[in-house]
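Novice: structure for the following, please:
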Amino acid sequence: MNRKDILKMCIQNLKRRRSRTLLTLLGVLIGCCSIVIMVSIGIGMAESQNRMLAEMGDLTIITVTPKQNGKGKIKLNDSALGQIRHMEHVAAVTPKLNLEEYECTIRLYAGANDRYVAEWSTVAGIDTRELDRMGYKLISGQNARQSGDVLTGQYLAYNFADTFRPEGSNTVDRWGGGFGEDGNPVSVPDPYFDAASTPISLEIEMSGKKVRTPLKTTGVLKEDYVKGSETSDGLLMNIDDLKKLLQDLQGSAKADPSYKTVLVKVTDITHVAAVEKEIRSMGYSTSSMESIREPMEKEARQKQMMLGGLGAISLFVAALGITNTMIMSISERTREIGIMKSLGCYVRDIRLLFLSEAGAIGLLGGLVGCVVSMLIAIGINLASFPGPFEPSRLIAAVIGSETLSRVCVVPPWLLLAAVLFSVGIGLGSGYYPANKAVQISALEAIKTS
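Specialist: Got it, this is the predicted structure:
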């Protein structure tokens, strides 16, 4: 028999016993659905965790600080920054200076006659030439590129109090949104002024000496707490400008050439752990979102394996069903097997025929199971989305979106793996019955009524 004859006989034999074939195929379908849905839920959990971490800030930023050891602090100076810059997978490096590290009082003034006053704020300085490479994002305006340029945090304006209003009702609460008594959403109130277009001046007081300087605001930063709270409710300026302000306050005191904080941008999240390890080997302390992401990712993988194992049990039961179906088929077709042997059919062709039937059941069950799994996953995702149903959400339920999190995430590789696994289960389940079929004696088989 050639391959075409084997395929034709395979289809005829499956059609001959349709009820039994359909029931066996249903078992494979259920098993395939169980695996795909269970694993997709695990992938969805991992995606939700990554989305949550991404909302907390840039996952590829490493914060480096000096570490105290027995010989004193290993200083973070320009030489150390050069070494870190030349490390593999490092995209950008910048020193960072925070005014909070000094004993000083910070005030911000805005509006005509200093109408708006902020009694506290975060002020930080970095190498503004690295802003783009470090991944700082702007809501409006442009990056600070020249000396004197300043970027404001996304919610800086909420720090200001209106001195023309009575105490107790002279500030705007940025957390004042949420839901009203009627259950309807309440929008967050706008601040008193637009920090991007209103002139702001910075006043620093240290050791009884004050320095006040007008600021040239060029843009508004998007909040990212991994990079620092200045992206939320503070100011970001060139580190050299901030050093000059401190020098004016400290007088002739010699500036420390080392840095207390350095930010390192890694090319990809998968390389963060390796870069951190290399920086620690230099004697510095590091911190990043990797310490949170790694255990969460490990937990998500364990849950995926557990859920996939539960689904595999259903497919294992389906495998027993395929084996049972094939053994019954051999018992009913013993005479047919004897005739094929008497006509000179090769043993390998008879084995291949029964393996083809078992594999076909696995293939059909896997393909239909994947289609059903996708429909179930889409239904679960649509049901989990808040608010009323909208046709546009069908696309989000399949490929996801920036605003909606999916419960079930079914990547293409999972569907392919499910089909291949189903075929493998079918072939594995049909191996024993196929071997049993070729071992039947031709003469004894023909005598069977």
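Novice: the domain parsing of the chain - what is it?
Specialist: The record assigns the chain these domain ranges, following automatic domain parsing: 3-56+295-447, 61-288.
Novice: quick one: the strands in the stretch 51-200 of the chain?
Specialist: Shown for the stretch 51-200 of the chain, the strands assigned by DSSP state E, counting those that start in this stretch span residues 61-66, 68-69, 72-73, 90-98, 105-110, 116-118, 122-126, 138-141, 149-152, 161-162, 178-179, 185-186, 200-206.
Novice: cool, and the stretch 251-400 of the chain?
Specialist: 261-266, 284-288.
Novice: residue contacts, the closest residue in space to R107 that isn't next to it in sequence?
Specialist: In this structure, R107 finds its nearest non-sequential neighbour in E203, 4.5 Å apart by C-beta to C-beta, 6 or more residues apart in numbering. C-beta here means a position set from N, CA and C on the backbone, and glycine is covered the same way. Counting by C-beta atoms under 8 Å, 6 or more residues apart in numbering, E203 makes contact with I106, R107, L108, Y109, K210, V211, R212.
Novice: beta partners for E203?
Specialist: Counting by DSSP bridges, E203 forms beta bridges with R107, R212.
Novice: mind checking pLDDT for it?
Specialist: Looking at E203, its pLDDT is 90.
Novice: ok, now how distant is it from K209?
Specialist: 11 Å (C-beta to C-beta, to the nearest Å).
Novice: what do you get for I139?
Specialist: On the measure of C-beta to C-beta, I139 and K209 end up 35 Å apart.
Novice: what does R165 show for phi and psi?
Specialist: When read as degrees, to the nearest 10, the backbone of R165 gives phi -110, psi 160.
Novice: neighbours around it, how many?
Specialist: 12 (other C-beta atoms under 10 Å).
Novice: S201 versus that one, what's the distance?
Specialist: From R165 to S201 the distance is 20 Å (C-beta to C-beta).
Novice: any chance of JSON lines for the strands of the stretch 251-400 of the chain, columns mean pLDDT?
Specialist: Output for those, formatted as JSON lines (pLDDT from 0 to 100):
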{"stretch": "strand 261-266", "mean pLDDT": "92"}
{"stretch": "strand 284-288", "mean pLDDT": "88"}
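Novice: and of those strands, who's closest to G426?
Specialist: Using C-beta to C-beta as the measure, strand 261-266 is the one of the strands of the stretch 251-400 of the chain that comes nearest G426, at 45.0 Å.
Novice: who does that closest one touch, helix- and strand-wise?
Specialist: Contacts defined by 3 or more C-beta pairs under 8 Å, 6 or more residues apart in numbering; DSSP states H and E place strand 261-266 against strand 61-66, helix 78-85, strand 90-98, helix 131-134, helix 272-280.
Novice: please identify which of the ones you listed is closest to L221.
Specialist: For L221, the closest of the helices and strands packed on strand 261-266 is helix 131-134, at 9.4 Å, according to C-beta to C-beta.
Novice: which strands or helices does that closest one pack on?
Specialist: So helix 131-134, by 3+ C-beta pairs under 8 Å, 6+ apart, packs with strand 90-98, strand 261-266.
Novice: can you say which of the ones you listed is packed in most?
Specialist: strand 261-266 (a mean of 22; mean count of other C-beta atoms under 10 Å).
Novice: what mean pLDDT does stretch 165-185 have?
Specialist: 71.
Novice: I meant stretch 239-254, not that one.
Specialist: Stretch 239-254 comes out at a mean pLDDT of 79.
Novice: please apply the same query to stretch 351-364.
Specialist: 86.
Novice: run through who's touching that stretch.
Specialist: With C-beta under 8 Å, 6+ apart as the test, stretch 351-364 has contacts from 1, 6-7, 9-11, 13-14, 21, 24-25, 28, 322, 325-326, 329-330, 419, 422-427, 429-431, 433-435, 437-438.
Novice: buried among the residues you listed? Need that as a selection in PyMOL.
Specialist: Written as a PyMOL command, the selection of buried residues from the contacts of stretch 351-364, which uses 16 or more other C-beta atoms under 10 Å, is:
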select buried, resi 1+6+9+10+13+14+21+24+25+28+322+325+326+329+330+419+422+423+425+426+427+429+430+431+433+434+437+438
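Novice: tell me which of the contacts of stretch 351-364 fall in helices.
Specialist: 6-7, 9-11, 13-14, 21, 24-25, 28, 322, 325-326, 329-330, 419, 422-427, 429-431, 433-435, 437-438 (DSSP state H).
Novice: distance between stretch 217-237 and the chain's centre?
Specialist: When distances are taken as C-alpha atoms, centre = their mean, to the nearest Å, stretch 217-237 is centred 23 Å away from the chain's centroid.
Novice: swap in stretch 234-245?
Specialist: Distance of stretch 234-245 from the chain centroid (C-alpha atoms, centre = their mean) equals 34 Å.
Novice: in that stretch, which residues are buried?
Specialist: Judged by neighbour count using 16+ other C-beta under 10 Å, the buried positions of stretch 234-245 are G234, L235, L236, M237, N238, I239, D241, L242, K244, L245.
Novice: can you check stretch 124-132 too?
Specialist: A124, G125, I126, D127, T128, E130, L131.
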